[in-house]
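>>> Dropping the sequence and predicted coords here.
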Protein chains: 2
Amino acid sequence: MAKNKKILIVEDEPLIAEDIKECLQSINYNVCGICHNKEQAFEALEECNPDFVILDINLGNNQDGIVIAEHINDKYDIPFIYLTSYSTKSVLEQVRGTHPMGYVVKPFVEADLFSSIEIALFNHTKLVRPSVFGIELINANIVDALTNKEFEILDDMYNGKSNTEIAENHFISINTVKTHAKKIYEKLDTHSRAETIVRIREWLSQ
Amino acid sequence: MAKNKKILIVEDEPLIAEDIKECLQSINYNVCGICHNKEQAFEALEECNPDFVILDINLGNNQDGIVIAEHINDKYDIPFIYLTSYSTKSVLEQVRGTHPMGYVVKPFVEADLFSSIEIALFNHTKLVRPSVFGIELINANIVDALTNKEFEILDDMYNGKSNTEIAENHFISINTVKTHAKKIYEKLDTHSRAETIVRIREWLSQ
DNA sequence: TGCAATATCATCCCGTTGGGTGATTTACAG
DNA sequence: CTGTAAATCACCCAACGGGATGATATTGCA
């Protein structure tokens, strides 16, 4: 398994941070930084480009872990878990709102941390499915492949354009658009725009 | 928050199972069944249609929890977490292969269980169907809210159905469908099916 | 060079869709 | 009880979309 993942630790207690670090290194993770407060965390996120973040909720006197989580959600696309002992109802409400990929309660055991990280990383790759729809994706699902022009037309159709609009965008006659559309329906085995859009949606979300 | 989710517990120790059950009920989850072995679990999965499963890995002398997890992956689309004390390296390898949505180590605390379930449910909806679109979501984006009937029609439109098909599905005249469609376009500020589908797609992916 | 695939455009036809207008019944709240 | 909102249906018409057929460049590969 590839464990070259860079992990950032955010934990205000130096001793616990070291403990986590050693634990991670013993299971072959690469700890790219340890932060003790919000400011350090913001800096480290920008500079060492971590693949994963472990957050303590309580940093000093406040729940800055949640602030960091929101910051990660805003600016980055990095999975994170909470590793904390803080667990009152009201804080948990907030925590859930930040959509963490996991939650580990202290005191933790190595296996606990390991499995949580693995699960979080796995789920994240599944979540971050780019779902960019390209001609390759379409052609992977049909026998008679689309031509490039047909795909361009299909792209416009998928984005809700009418035949007239498509004709204007491509500087071609509406008749030509209809000819292409017919071929597209034939190849995708659909019979209307709406049906075609739904078909593509299904392929994208697989 | 809606906690009508039906949760299935698979745990061979009756006392621990009861403990989990009470814990879940105290945080307003609906426990739809308790299973003590693989066979009971297979039956319960089929019969009580749970929304979520909590799995102990060790059932009796073997790791049937993993077998159940594989079965869930094969036949169903239900998120599950492990709640177990078993944590040797070799078992953890297997565990990761079953792609659980979480992993809680015994002894557990209520908050731990709660947050793990919430996170698992959230991630699962994002994983499985990034496009669960409800009337609330639509109405959150428009000024003049859709009625329930209008939403039902919109749902069918979003799924590529023609007016004729919608009329048949709802046992109403095609004229009525058109009337509803007109109101929908007015409210969503669109002028065609394709445009409407795209509009919804935008709202869903935000 | 010549065939095949592709892109282009046209015309006809008809069914569907979108827009306008109006009417009836049911249900619910003031 | 009365008015308003919702659901139901009808008719008309213009525009658009989808299916069929056929024709003419252009391109690229055999």
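Sure thing, it's come through. Numbers count the residues shown, from 1 in each chain, chains lettered A, B, ... in the order given.

>>> Just the pLDDT at the residue nearest to A:Phe133 when sequence neighbours are not counted, thanks.
Using Cβ to Cβ, 6 or more residues apart in numbering or on different chains and skipping residues adjacent in sequence, the residue nearest A:Phe133 is A:Leu204, 5.5 Å away. C-beta: built from backbone N, CA, C; applies to glycine. You'll see A:Leu204 listed with a pLDDT of 80.

>>> With A:His191 as the reference, measure out to A:Leu204.
20 Å (Cβ to Cβ, to the nearest Å).

>>> re the thing from before, could you measure the residue nearest to A:Phe133 against A:Thr147, distance?
20 Å.

>>> do A:Pro14 as well
62 Å.

>>> The two: who's more crowded?
Each of A:Pro14 and A:Thr147 has its neighbours counted (other Cβ atoms under 10 Å in any protein chain shown); A:Thr147 has more, 14 against 10.

>>> So that one versus chain B, what's the distance?
Per Cβ to the nearest Cβ, to the nearest Å, A:Thr147 is found 22 Å from chain B.

>>> Next: A:Glu110.
8 Å.

>>> cool, A:Leu8 as well?
From A:Leu8 to chain B the distance is 20 Å (Cβ to the nearest Cβ).

>>> Now tell me what touches the lengthiest helix in chain A from outside.
If you go by DSSP state H, chain A has its longest helix at helix A:110-127. Helix A:110-127 has contacts (Cβ atoms under 8 Å, 6 or more residues apart in numbering or on different chains) with A:5, A:7, A:20, A:23-24, A:26-27, A:29, A:51-52, A:54, A:79-81, A:83, A:101-104, B:87-89, B:92, B:95-96, B:99-103, B:105, B:123, B:126-127.

>>> Okay, angle between that helix and helix B:110-128 too, please.
30 degrees (axes from the mean of the first three to the mean of the last three Cα atoms, to 10 degrees).

>>> Past helix A:110-127, which element shows up next along the chain?
helix A:135-140 (DSSP states H and E).

>>> May I have the helix or strand following that following helix as CSV, with CA atoms only?
Using DSSP H and E, the helix or strand that follows helix A:135-140 in sequence is helix A:148-158. Only the C-alpha atoms of helix A:148-158 are listed here, as CSV (Å, rounded to 0.1, in the frame of the first residue of the first chain):
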residue,chain,number,x,y,z
ASN,A,148,-15.4,15.0,-31.8
LYS,A,149,-18.0,17.2,-33.4
GLU,A,150,-20.8,15.1,-32.1
PHE,A,151,-19.4,15.3,-28.7
GLU,A,152,-19.2,19.1,-28.9
ILE,A,153,-22.9,19.2,-29.8
LEU,A,154,-23.7,16.7,-27.0
ASP,A,155,-21.8,18.9,-24.5
ASP,A,156,-24.0,21.8,-25.4
MET,A,157,-27.1,19.6,-25.2
TYR,A,158,-26.0,18.5,-21.8
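
>>> Can you give the distance from helix A:148-158 to the centre of its chain?
On the basis of Cα atoms, centre = their mean, to the nearest Å, helix A:148-158 sits 27 Å off its chain's mean C-alpha point.

>>> Now do the next helix or strand after that helix and helix A:148-158, the angle between them.
Later in the chain than helix A:148-158, the nearest helix or strand by DSSP H and E is helix A:163-170. Compare the direction of helix A:163-170 with that of helix A:148-158 by the same axes, to 10 degrees and you get 130 degrees.

>>> Would you mind listing the buried residues in helix A:163-170?
Of all the residues in helix A:163-170, those buried under the rule 16 or more other Cβ atoms under 10 Å in any protein chain shown are A:Asn163, A:Ile166, A:Ala167.

>>> Likewise for stretch A:67-82?
Buried residues in stretch A:67-82 (16+ other Cβ under 10 Å): A:Val67, A:Ile68, A:Ala69, A:His71, A:Ile72, A:Ile78, A:Pro79, A:Phe80, A:Ile81, A:Tyr82.

>>> ok, which pair from these is furthest apart?
A:Val67 and A:Pro79 (17.6 Å; Cβ to Cβ).

>>> Give me the residues contacting stretch A:140-148.
By Cβ under 8 Å, 6+ apart, stretch A:140-148 touches A:Ile135, A:Ile138, A:Asn139, A:Leu154, A:Ile184, A:Glu186, A:Lys187, A:Leu188, A:Asp189, A:Trp203.
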